[in-house]
Each structure stands twice: as structure tokens, then as C-alpha cells.
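Chemist: Quick one: sequence and predicted model below, then my questions.
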Amino acid sequence: MSRVYNFSAGPAMLPQAVLEQAREEMLDWQGSGMSVMEMSHRGKEYMSIASKAEADLRELMGIGDNYAVLFMQGGASSQFAAVPMNLLRGKNTADYLNTGAWSKKAIAEAKRYCAVNVAGSSEADKFSSVPSQDELQLQSDAAYVHYTPNETIGGVEFPYLPETGNVPLVADMSSTILSRPIDVSKFGVIYAGAQKNIGPAGLVVVIVRKDLMGDVLEATPTMFNYQVQADNDSMYNTPPTYSWYLAGLVFAWLKALGGLEKMAEINQRKANKLYTAIDNSGFYANPVDPACRSWMNVPFTLANPELDGVFLEEAKLQGLTSLKGHRSVGGMRASIYNAMPEAGVDALVAFMADFEQQHG
């Protein structure tokens, strides 16, 4: 069997060690005689899996007891609605920062439930940067401030943590969670779809400060109510059990690696290698302000777009897949999440140099 280096933006590659452990446990999880996907979510075997996953995530991220950790369904996009439903709390306006495609989708959904104040936007420069703190037009009476720390499609990342005073900060961390340490106490809500740095698709992790739960919009579906989910240990209904199990294996893998500090060192090194290769070339280019470049998603273009197809075909022959840029942006995009080994980035950099030599 030959595994490729999969640069997909999501669903993304998983750590090989995690996949191998899942394979070993597929038919019989630790002597239970069952696969995890066959277990009752309320049985003692699965409850131990779920509780360990939560404990490991809390340890990795330094999540305090004043936060609930929820394992929900619907992906991050469901949280575009769940956030205003849970956090408006009697107010009728919220601040949003617009820095790319996912910010725009969150804004559009929030407008169904409240007045949205776009407190900062980089749309005028085609989302090649983010607004600075001084440029933000925040409202002191907003219910919350929502932003996307890393835009997967555009490869744009906030180099700073927005200061929002007493207004809760909400972050869609789908493509940056677990890539480095963060101070969870600075946030009201963090949510993240699993299929980039956590595990397979089908799961969304929501970290919510407990004082923000319990006062939802009247029409909020029960399944979107954070308080209900917390009161039922994310098991009001059958959760995505196998995705949750695999997420737990990823958390354990990260702990064994040395935690998020170690992961951050590796991720920064990987990103620096790729950006250096691009910047030192007259053949490749990255459109993002260097101060706002993503560690996780690296878009780049070729000097001659007519060579895009050839680049993708030859890259695939070298075991480098899923490098085509998003259809709204074009060019190439290399997503180098936690599970992408440094050797994969080295292989891509070497291929890019060889391709430039042949076609530049």
C-alpha cells in the first residue's frame, strides 16, 4: 500500500498512527468484542471513550471548568445559526468581521436572526489581509463579536487576537484549532468542524463559556441549544460516535507528540518552508499580505495559468494530491494541517522546484 501526501482542505488527512490504531480496534475495541461504531453511546465502553476524549481536549487546550465542551453534529456551518440563537440573549445586534468566504457565510446566516454590524472587512483588497485592531468599528452593546481566525479558501489568518472588551468573542476555528496553543479564556465560544485538524467529518466541537448558556431564542431547535447539549453530555440524541472516537485518538496522538507547543513548532516550520519556496521563486506567487499568511492553507499561483493542469497531473504522479485551488480563487492550494508530515511539505517543495526548472 502506498499512501499519498493529501493536501486537501477538508476532509483532510489524518495521522497515520491514528488510522493504524483504528484499524487494529475496528472489529474488537479493547476486548469488548465490538467495533466502536456498533456500541451503544450510553454503554460503559463508549462512555469511557467519550469522557477520555473530552478530558484530553481540555488538557491540550487548557480549557477551564467554567467552559462546557460539546461534541455536536452539523459541522461548523450549523453553528452559523446556533451562535446567534444561543448568544443574542435579549439583544438584537452582533458584530462580525468579514475576511473571506466563511465569514461571509456566517454573516448571511446571522442576518436571519439579528442585525449584523460588519465591524471590519478586508473585502476591498480581495481578502488578501485582515483589518487591524484600530480599524475595527465595534459596538459596546453588541451581543458578541464573531470572526474567523483562519480563512481556509483564501489562506488569510489573523496575526492577532481581537480585543472586544466585555463583549464575548466568538471564533470559527475550524481550520486552525489545535495547530498551536491559544488562551481559551479570551473567548466566549470557540467552534470547529472536525474534518481538518480534529478528525473525520460529521462532528463539530463547541467550547462555550457556561455563563453564556441557557437563554436562547424562542424558536431555537432543541438540538442547537447549548444548555441542553451540556446537560446531556452531548448525548441528547445519538452523537456521531465514530467521529468522536477518532477525534479522541487524535487528541491522544497530539499529547504523545508533546502537546500544542510542539505542534506549533512543527507547523510554523512547515509553513516557513513552503512560503520561502514561493517567495524565492519567480514562477510561483502567493497573493496574501505576508503579515496575514495562514499556517494551515497556502494558496499559490503559477506564472502561466495554462500550466495549472500539467502541474496537478505531474504532482499526482509524485503522490502529491488535492492541490487544486478552490474554484472561487483558482490556482493551487496546499493545506498543511497537523497530520501533514514535514516530509510531505519537503516533497512538495522539491517538486515545485523541479517543475519550475522544467517549465519556467
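Modeler: Structure received.
Chemist: max-length helix in this structure?
Modeler: In the chain, taking DSSP state H as the definition, the longest helix is helix 259-279.
Chemist: to the chain's geometric centre, what's the distance from that helix?
Modeler: The chain centre lies 17 Å from the centre of helix 259-279; the measure is Cα atoms, centre = their mean, to the nearest Å.
Chemist: Which strands or helices does it pack on?
Modeler: Counting contacts by 3 or more Cβ pairs under 8 Å, 6 or more residues apart in numbering; DSSP states H and E, helix 259-279 packs against helix 44-61, helix 241-257, strand 284-285, strand 297-302, helix 342-359. Just so you know, the C-beta spots here come from the backbone N, C-alpha and C atoms, and that holds for glycine as well.
Chemist: Tell me if I'm right that residue 211 and residue 66 touch.
Modeler: Yes - with contact defined as Cβ atoms under 8 Å, residue 211 counts as touching residue 66 (7.4 Å).
Chemist: where along the chain do the helices fall?
Modeler: So, for the chain - with DSSP H - the helices run 16-24, 44-61, 75-87, 101-110, 226-231, 241-257, 259-279, 308-317, 342-359.
Chemist: So which of these has the densest surroundings on average?
Modeler: Ranked by mean neighbour count, the helices of the chain are led by helix 75-87 with a mean of 23 (mean count of other Cβ atoms under 10 Å).
Chemist: pLDDT (mean, whole number) over that helix?
Modeler: Mean per-residue pLDDT for helix 75-87: 97.
Chemist: List the contacts of that helix.
Modeler: By Cβ atoms under 8 Å, 6 or more residues apart in numbering, the list of residues contacting helix 75-87 from outside reads 72, 74, 94, 102, 105-106, 108-110, 112-114, 143-144, 146, 168, 170, 172, 174, 188-189, 191-193, 195, 201-202, 204, 206, 208, 212-213, 215-217, 220, 224-226.
Chemist: Are any of those residues buried, and if so which?
Modeler: Among these, those that count as buried by neighbour count (16 or more other Cβ atoms under 10 Å) are 72, 74, 94, 102, 106, 109-110, 113-114, 143-144, 146, 168, 170, 172, 174, 188-189, 191-193, 195, 201-202, 204, 206, 208, 212-213, 216-217, 220, 224-226.
Chemist: and the angle from the longest helix of the chain to helix 342-359?
Modeler: Per axes from the mean of the first three to the mean of the last three Cα atoms, to 10 degrees, the angle that helix 259-279 makes with helix 342-359 is 0 degrees.
Chemist: Could you shift the numbering so residue one becomes 381, and keep it that way?
Modeler: Renumbered: residue one is now 381, and that last one reads helix 639-659.
Chemist: what's helix 639-659 in contact with?
Modeler: 440-441, 558-561, 634, 637, 664-666, 670, 673-676, 678, 680, 714, 716, 718, 720, 722, 725-726, 728-729, 732-733.
Chemist: Let's see that with 6 Å instead.
Modeler: 440, 559-561, 664, 666, 675, 678, 680, 716, 718, 722, 725, 729, 732 (Cβ atoms under 6 Å, 6 or more residues apart in numbering).
Chemist: could you check the distance from residue 733 over to residue 659?
Modeler: 13 Å (Cβ to Cβ, to the nearest Å).
Chemist: for residue 512, that is, sorry about that
Modeler: Per Cβ to Cβ, residue 512 is found 23 Å from residue 659.
Chemist: again with residue 565
Modeler: 36 Å.
Chemist: Check residue 726 too.
Modeler: 17 Å.
Chemist: ditto for residue 695
Modeler: 20 Å.
Chemist: returning to that earlier point: so which of the contacts of helix 639-659 is the closest to residue 704?
Modeler: Closest approach between the contacts of helix 639-659 and residue 704, by Cβ to Cβ: residue 680, at 11.7 Å.
Chemist: right, and the closest one touches residue 713 too?
Modeler: No - using Cβ atoms under 6 Å, residue 680 is not in contact with residue 713, being 7.6 Å away.
Chemist: thinking residue 674 is in contact with residue 530, fair?
Modeler: Yes - between residue 674 and residue 530 there is a contact at 5.3 Å, judged by Cβ under 6 Å.
Chemist: Overlap in contacts, these two.
Modeler: By Cβ under 6 Å, 6+ apart, the residues touching both residue 674 and residue 530 are residue 537.
Chemist: Can you give me the distance of residue 689 to residue 386?
Modeler: 19 Å.
Chemist: oh, I was asking about residue 549
Modeler: 32 Å.
Chemist: Over to residue 589?
Modeler: From residue 589 to residue 386 the distance is 35 Å (Cβ to Cβ).
Chemist: Between which two of the contacts of helix 639-659 is the distance greatest?
Modeler: Within the contacts of helix 639-659, 440 and 664 form the most distant pair, 34.4 Å apart (Cβ to Cβ).
Chemist: just for the protein, where's the confidence low?
Modeler: Along the chain, the parts satisfying pLDDT under 70 run over 381.
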